[in-house]
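Build me a model from this:
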Amino acid sequence: MGVIEAGVAILTIVAGLILFIVQYESRLSKMETKLEPVLQLEPRLISVEQEVKSLDIMKNIISEVGSERVQKVFKEKKE
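Prediction:
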């Protein structure tokens, strides 16, 4: 009798593990379908990030040029 009960216990544990794995896999596939639109946005986000970096560089150049012009104007007014 002990062997049969041990076999039933082992089969119950295996069945529980199989159910857990199936449910976990189902959850993962649902998450993947929810993430698909986000993953499709990734290339666009990268291009936006590059645009922001180039705009930041342009802003720095403009501010440097602008500050040089302002300094020139102040020097001219002082003289």
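
How many neighbouring residues does I46 have?
10 (other Cβ atoms under 10 Å). Using the backbone N, CA and C atoms, a C-beta is placed for each residue, glycine as well.

which SSE is it in?
helix 2-78 (DSSP states H and E).

Average pLDDT for that helix, rounded please.
Helix 2-78 comes out with an average pLDDT of 86.

Distance from the chain centre to it, please.
Distance of helix 2-78 from its chain centroid, counting by Cα atoms, centre = their mean, to the nearest Å, is 0 Å.

Distance check, F74 against Q50.
36 Å (Cβ to Cβ, to the nearest Å).

and what of E76?
From E76 to Q50 the distance is 39 Å (Cβ to Cβ).

and if you look at A6?
63 Å.

Please apply the same query to P43.
With Cβ to Cβ as the criterion, P43 and Q50 are 11 Å apart.

what do you get for K34?
K34 is 27 Å from Q50, by Cβ to Cβ.

and R27, how many residues sit next to it?
Residues near R27, counting by other Cβ under 10 Å: 10.

show me the contacts for it.
With contact set as Cβ atoms under 8 Å, 6 or more residues apart in numbering, R27 has no partners.

Right, I'll leave it there.
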